[in-house]
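Peer 1: sequence and predicted model, in that order:
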Amino acid sequence: MALAAGRAMLMRSGVRLGTQAAARGGNGARRFMNHRVVVEPNTVPGVAVIKFKNPPVNSLTLEFLTEFVICLEKLENDKTFRGVVLTSDCPGIFSAGLDLREMCGKNPAHYAEYWRAVQEMWLKVYLSNLVLVAAINGTSPAGGCLIALSCDYRVLADNPRYRMGLNETLLGLVVPFWFKDTLVNTIGHRASERALQLGLLFPPAEALQLGMVDQVVPEDQVQSTALSVMTQWLAIPDHVRQLTKNMIRKATADHLIKHQEADIQNFINFISRDSIQKSLQVYLENLKQKKH
Ligand SMILES: CCCCCCCCCCCC/C=C/CC(=O)SCCNC(=O)CCNC(=O)[C@H](O)C(C)(C)COP(=O)(O)OP(=O)(O)OC[C@H]1O[C@@H](n2cnc3c(N)ncnc32)[C@H](O)[C@@H]1OP(=O)(O)O
């Protein structure tokens, strides 16, 4: 998505870009702040840390997706940056996935706009020229898991309360083919068959065993481990690494690009069904009631 289109989407969504601020931290480093995504240059040269900050659960609202894509584009266009660590500012939650309220009780035009934003976010992350390392410091179901799976490397906090996986079937949803492709590319066909049909959410030890994450480390070492892994990836010259990444990922991304409009139409038709709307409402209601 072009930056201009993203800005237009932000405006349509009622987000004022004027609220974005560039400040200088104690070490003189720039620190970009949006509402929902905070970008901090880190101590490792050429590396930024993106923190998701969309409380309470970092759900992927239209505004969040737009800010996230704009942040990534800015970092890609700024040649001082070669790598980004993605992590969360919300304690215990990396991301709760797609925002269910964006898919419930809205009109087809909204569903189309929302789904395009989800697609564009995935394409941006999956094909990024930057090295992306996910520092997964919390639970990451569905869309949250997709973001992590689309990075080049995943470090997960060793906390048995944190779960990770594509649980769409538990919500009465069919997993989109490109979510499925991303998982199959990571953990293989057989493991994906079981994980996707049963909507399994895995604790850290199982996620590691399946290859869904590359490392599980104590919670207070997630970000530092991600940064030290980054150093290893940045030892490879950018152009050869980027060409290699593209060679491996292009076919998967092209599959969506080729069918992007049909995928949007399928999403609208599917999500607009009364039965699907009902299951989403029940799911949201259950989330609310679990507190009482
Ligand atoms: C046959 C033809 C085929 C055609 C195919 C077409 C393709 C169609 C595809 C459709 C697929 C769409 C894909 C969807 C992928 C997704 O990402 S769906 C989202 C999945 N996410 C979840 O299931 C997570 C749900 N949330 C939780 O489990 C918990 O909230 C949590 C573990 C993340 C955190 O728990 P806790 O800390 O206890 O907080 P809560 O009290 O539960 O939540 C606080 C607050 O946030 C609200 N909330 C939580 N998650 C979401 C969310 N994803 N979206 C929106 N809102 C969310 C929750 O309701 C609470 O709100 P209130 O404070 O009560 O108002």
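Peer 2: Perfect, thanks for sending it.

Peer 1: how near is the residue lying closest to residue 113 once chain neighbours are set aside to residue 209?
Peer 2: Excluding the flanking residues, the one nearest residue 113 by C-beta to C-beta, 6 or more residues apart in numbering is residue 62, at 6.9 Å. Using the backbone N, CA and C atoms, a C-beta is placed for each residue, glycine as well. Separation of residue 62 from residue 209 (C-beta to C-beta, to the nearest Å): 36 Å.

Peer 1: out of the two, which sits in the busier spot?
Peer 2: Under the criterion of other C-beta atoms under 10 Å, the comparison of residue 62 against residue 209 puts residue 62 first, with 21 against 13.

Peer 1: the more buried one and the ligand, how far apart?
Peer 2: As for residue 62, its distance to the ligand is 12 Å (criterion: C-beta to the nearest ligand atom, to the nearest Å).

Peer 1: surely that residue touches residue 116?
Peer 2: No. Taking C-beta atoms under 8 Å as the definition, residue 62 is not a contact partner of residue 116, at 9.8 Å.

Peer 1: quick one: low-confidence ranges for the stretch 1-150 of the chain?
Peer 2: Where the stretch 1-150 of the chain drops to pLDDT under 70, the residues are 1-34.

Peer 1: so which bits of it are right by the ligand?
Peer 2: Within the stretch 1-150 of the chain, the positions lying close to the ligand (C-beta under 6 Å from any ligand atom) are 56-57, 59, 93, 96-101, 139, 141-143.

Peer 1: one more time with 5 Å
Peer 2: 56-57, 59, 96-100, 139, 141-143 (C-beta under 5 Å from any ligand atom).

Peer 1: any of those buried? List them.
Peer 2: Burial by neighbour count, 16 or more other C-beta atoms under 10 Å: within those this picks out 57, 59, 96-100, 139, 141-143.
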